[in-house]
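>>> Could you work out the structure for the sequence below:
(one chain, ligands or ions: 2)
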Amino acid sequence: MKEKIESNAFLTEAYGSYDDLLSFCKHLPKIELHAHLNGSISKETAIQLIDRKGDPSLAQRWASTLEGWANAASKLDDFFPLFKCIYEITNNEEAITYATIQTIGEFSDDGVTYLELRSTPRPNLGTGMTKASYANAILKGIQSASKSHPSTTVRLILSLDRRESTESCLDTVDLAIQLKNKTGLVVGIDLCGPPTDGTAVVFAPAIKRAKESGLKVTLHAAEIQNIDTDTQNLLLTSPDRIGHGTFLNTHAKTHLLTSSTPIEICLTSNVLCKTVETYAQHHLQGLLFQDHPVILCTDDKGVFGSSLSEEYAIAAATFQLRKEDLYELSRRAVEFVFGSEECKRTLRNEWERFRQNNGIGKWTGWNRGV
Ligand SMILES: CNc1ncnc2c1ncn2[C@@H]1O[C@H](COP(=O)(O)O)[C@@H](O)[C@H]1O
Ligand SMILES: [Zn+2]
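Ligands and ions are numbered 1, 2, ... in the order given. Model (predicted):
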């Protein structure tokens, strides 16, 4: 169950009500840098995809799988089996293209100006889908959405799953390099999946090849407790960003703080997957007060029933962030995108226009009144 955000004196004074805060967050231009395609598929899109398949038993299984997880999840490991069912819905190129277009549309409607979608190229013997045809189906969706939702710029990150072998990861990286050169839309790679599967040694050659080819690298790191050696070895590959960083030991934290490696923060994901007990206990607060680069992200908005605007609103209500703070958070994210310098210049101008048109005051440092 999602934790309910209580109204409080700060929120009332700074925004009026939670709804007023949410509408400010929707209006604010935002950058989403950590969104897994198959986890981001909304209920509406999933239902449409299932309808197209014409398999009522799948609809039933999908609904009960999600509900079962929401009611009984007690640890992060409970989350990954959900995808067995979701992948039945997206087991062909047409579904992947449709899911991509719909998901981009939803982020765009939520005020996301720049989106980095990520997904694991996944062959399917039954439907003949290959890693390449999978990635191309996403690119087709991105190209189509650039016409229907021109206000949102979209780039793609190909994910390596921790359950894959070194060879399989190298194949994905080679595909990413090829598609980067061909389309300019693939900008990086990610490492995701169950944190206790595989080891950094398995993935290091693929990460190295990606970096050498000019791809950017983001890695899920320290998402659960007691994986310090793996986290340490992953950090040695010098990722450009990391995801979560929930359980960084002192050594890893020092490494990240001194290298100023940005951390993708997924509040609702961490609370619902039970790696963080409550929003108020989230490590975002400590990172903010150390002025470490962070980016608010959704992770899997479809499964978690959230949106990026809500993540901003939750951060504001929990850590007493004013309009200027939220603007500063979203503006800073521009500097951490994997897109080109030209892309960053365009985004910087957009943020400046918003600031001027909306009377955003001078930022004076994070509110430490919490
Ligand atoms: C909640 N925290 C998380 N931690 C680690 N990996 C996650 C994740 N959320 C999602 N994924 C990864 O993303 C895949 C689904 O999207 P794609 O099929 O790639 O589009 C999942 O199979 C999992 O490997
Ligand atoms: Zn993730």
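>>> Flag every residue of the stretch 201-350 of the chain that's near ligand 1.
Applying Cβ under 6 Å from any ligand atom, we find that the stretch 201-350 of the chain lies next to ligand 1 at 220, 223, 269, 273, 299-300. Every residue, glycine included, has its C-beta placed from N, CA and C.
>>> repeat that for 8 Å
220, 223, 243-244, 266, 269-270, 273, 299-300, 303 (Cβ under 8 Å from any ligand atom).
>>> Tell me who's in contact with the spatially closest residue to Ser42 that is not a sequence neighbour.
In space, and not counting its chain neighbours, Ser42 is closest to Gly302: 5.0 Å by Cβ to Cβ, 6 or more residues apart in numbering. The neighbourhood of Gly302, defined by Cβ atoms under 8 Å, 6 or more residues apart in numbering, consists of 39-43, 45-46, 103.
>>> give me that answer again for 6 Å
Gly302 makes contacts with 39-42, as judged by Cβ atoms under 6 Å, 6 or more residues apart in numbering.
>>> nearest to Leu82, of the residues you listed?
Within the contacts of Gly302, the smallest distance to Leu82 is 8.3 Å, found for Gly39 (Cβ to Cβ).
>>> Show me just the buried residues among the residues of the stretch 201-350 of the chain next to ligand 1.
Among those, those classed as buried by 16 or more other Cβ atoms under 10 Å are 220, 223, 243-244, 266, 269-270, 273, 299-300, 303.
>>> Can you tell me which of those end up in helices?
Using DSSP state H, the members of these that fall in helices are 269-270, 303.
>>> Where does pLDDT dip in the protein?
1, 368-370 (pLDDT under 70).
>>> now the strands for it?
30-36, 112-119, 153-161, 186-192, 216-221, 241-244, 263-265, 294-296 (DSSP state E).
>>> Report the buried residues of stretch 53-67.
Here stretch 53-67 shows 58, 61-62, 65-66 as buried, counting by 16+ other Cβ under 10 Å.
>>> Distance to ligand 1 added to those, as a markdown table?
Supplementary listing: the buried residues of stretch 53-67 in a markdown table, determined by distance: Cβ to the nearest ligand atom, whole Å:
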| residue | distance to ligand 1 |
| --- | --- |
| Leu58 | 17 |
| Arg61 | 17 |
| Trp62 | 15 |
| Thr65 | 14 |
| Leu66 | 14 |
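>>> is it possible to export those residues to a markdown table including distance to His34?
Below are the buried residues of stretch 53-67 laid out as a markdown table (distance: Cβ to Cβ, whole Å):
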| residue | distance to His34 |
| --- | --- |
| Leu58 | 28 |
| Arg61 | 28 |
| Trp62 | 24 |
| Thr65 | 23 |
| Leu66 | 21 |
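>>> picking that back up, the contacts of Gly302 also near ligand 1: which ones?
39-40.
>>> Of the contacts of Gly302, just say which sits nearest to Pro150.
Looking across the contacts of Gly302 and measuring by Cβ to Cβ, the closest to Pro150 is Ser40, at 20.2 Å.
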